[in-house]
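Next comes the sequence, and after it the predicted model I'd like to discuss.
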Amino acid sequence: MTALSVVPTTRLPDLSRVPAVDEVGVNERVARFQSRSIKTSSKVEALKLILSMIDLTTLEGQDTPGTVRQLCQKAIHLHDALPGLPHVAAVCVYPTMVHVARDALQGYDIKVASVATAFPSGQSTLDVKLDDTRMAVEAGADEIDMVISRGAFLAGDYRYVFDEIRAVKEACGDAHLKVILETGELGTLDRVRRASVLAMHAGADFIKTSTGKIQPAATMQVTFVMLQAIRDYFRETGRMVGMKPAGGISSAKLAIHYLVMLRETLGNAWMTPEWFRFGASSLANDVLMQLMKQSTGVYQSADYFSQD
């Protein structure tokens with residue numbers, strides 16, 4: 001299965017036709033995904049795949065060029081005692097730090113992602129959001145993580161949200177656009193499904209659960225509903241859209257459950273960093289600890305791993 005070059009529709013989708021979510025069925029499917037077991041040899045490959053899908057992130061008011069460079073060094077040198085590890089997929093920073101990350105990652109196949117559009121609240125004018133996006137792209141961002149206007153969405157102003165995503169997509173130029181739904185504020189799985197459909201029709205290259213600033217963030221139930229929406233959108237249009245659960249995924253065991261769910265819902269074509277990401281910096285340390293356990297037979301102390 002390969003991605004087709006399909007231009008998203010300029011027409012607002014009829015969200016009243018989006019099927020209702022069977023919450024009982026979702027919970028049952030998630031429970032089955034969590035009951036799967038994998039062989040030790042397969043587990044090592046799964047752990048390495050997870051590492052390659054992580055977006056290492058620093059999005060704090062106290063971020064400095066030094067902290068961003070330190071994060072980039074971690075992205076490049078995850079654990080020198082484990083040769084042959086893949087790089088992470090990307091480093092995600094604020095727009096003002098994109099140039100720092102770009103310089104630090106020069107020569108490495110690691111993307112620079114930037115949040116934009118008045119992250120995390122999204123409470124600003126469209127002009128400010130577009131300037132935010134253009135600044136990040138001009139500084140060298142390969143990917144833009146935007147937030148939708150949740151207030152407008154919850155008020156039923158779907159046209160506003162749709163047009164805003166399309167405008168940001170245009171401002172991205174060649175950069176890929178991840179659209180953050182902030183599912184913890186949407187309240188129901190039905191709204192998550194509708195927001196997913198809206199974002200994909202508006203041109204999202206990825207849909208993403210959360211900013212990581214609101215709880216609950218990513219859950220397997222929310223992610224499963226979004227994966228189903230991606231599957232149905234692909235069947236309808238032939239265009240692949242990526243998925244990024246973010247926030248709350250800190251253990252390798254849980255991340256493996258996500259991979260099982262991904263493969264069984266969307267298939268092997270999505271089992272790459274091009275189409276699936278984890279927004280969970282702390283996850284990298286637990287994955288590295290599990291890989292050390294598989295390699296040496298003992299767990300290495302958490303003190304050996306940076307917390308950045």
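Great, that's in hand. Residues are numbered from 1 along each chain as shown.

Please count neighbours and contacts with C-alpha atoms only from this point.
Noted.

what sits against residue 193?
18, 21, 225, 226, 229 (C-alpha atoms under 8 Å, 6 or more residues apart in numbering).

Next: residue 291.
44, 47.

Relative to residue 43, how far out is it?
9 Å (C-alpha to C-alpha, to the nearest Å).

do residue 188 as well
For residue 188 relative to residue 43 (C-alpha to C-alpha), the value is 33 Å.

okay, these two: which has more neighbours?
residue 43 (18 against 13; other C-alpha atoms under 10 Å).

who touches the helix or strand containing the more buried one?
Element membership for residue 43, per DSSP states H and E: helix 40-52. Residues from elsewhere that reach helix 40-52 (C-alpha under 8 Å, 6+ apart): 85-89, 252, 255-256, 259, 272-273, 278, 284, 287, 290-291, 294.

After it, which helix or strand is next?
Downstream of helix 40-52 (by DSSP H and E), the next one is strand 55-57.

how about the helices in the stretch 101-250 of the chain?
Ranges of helices within the stretch 101-250 of the chain are 126-139, 150-154, 158-172, 183-186, 189-202, 220-237, based on DSSP state H, counting those that start in this stretch.

and the helix or strand where residue 33 lies, C-alpha only, in PDB?
Applying DSSP H and E as the criterion places residue 33 in helix 23-35. Output in PDB follows, covering the C-alpha atoms of helix 23-35 (Å, rounded to 0.1, in the frame of the first residue of the first chain):
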ATOM      1  CA  GLU A  23     -18.000   3.000  23.300                       C
ATOM      2  CA  VAL A  24     -18.600  -0.500  24.600                       C
ATOM      3  CA  GLY A  25     -17.200  -2.000  21.400                       C
ATOM      4  CA  VAL A  26     -14.200   0.400  21.600                       C
ATOM      5  CA  ASN A  27     -13.400  -0.700  25.200                       C
ATOM      6  CA  GLU A  28     -13.700  -4.400  24.200                       C
ATOM      7  CA  ARG A  29     -11.300  -4.000  21.300                       C
ATOM      8  CA  VAL A  30      -8.800  -2.100  23.400                       C
ATOM      9  CA  ALA A  31      -8.900  -4.800  26.000                       C
ATOM     10  CA  ARG A  32      -8.100  -7.400  23.300                       C
ATOM     11  CA  PHE A  33      -5.100  -5.300  22.000                       C
ATOM     12  CA  GLN A  34      -3.800  -5.100  25.600                       C
ATOM     13  CA  SER A  35      -4.000  -8.900  26.000                       C
END
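
In it, which of the residues would be classed as buried?
26, 29, 30, 33, 34 (16 or more other C-alpha atoms under 10 Å).

If you count neighbours, what's buried in the host helix or strand of residue 290?
Assigned by DSSP H and E, residue 290 belongs to helix 281-296. Neighbour counts over helix 281-296 (16+ other C-alpha under 10 Å) mark 281, 282, 283, 284, 285, 286, 287, 288, 289, 290, 291, 292 as buried.

Next: stretch 107-114.
Buried, per 16+ other C-alpha under 10 Å, within stretch 107-114: 110, 111, 112, 113, 114.
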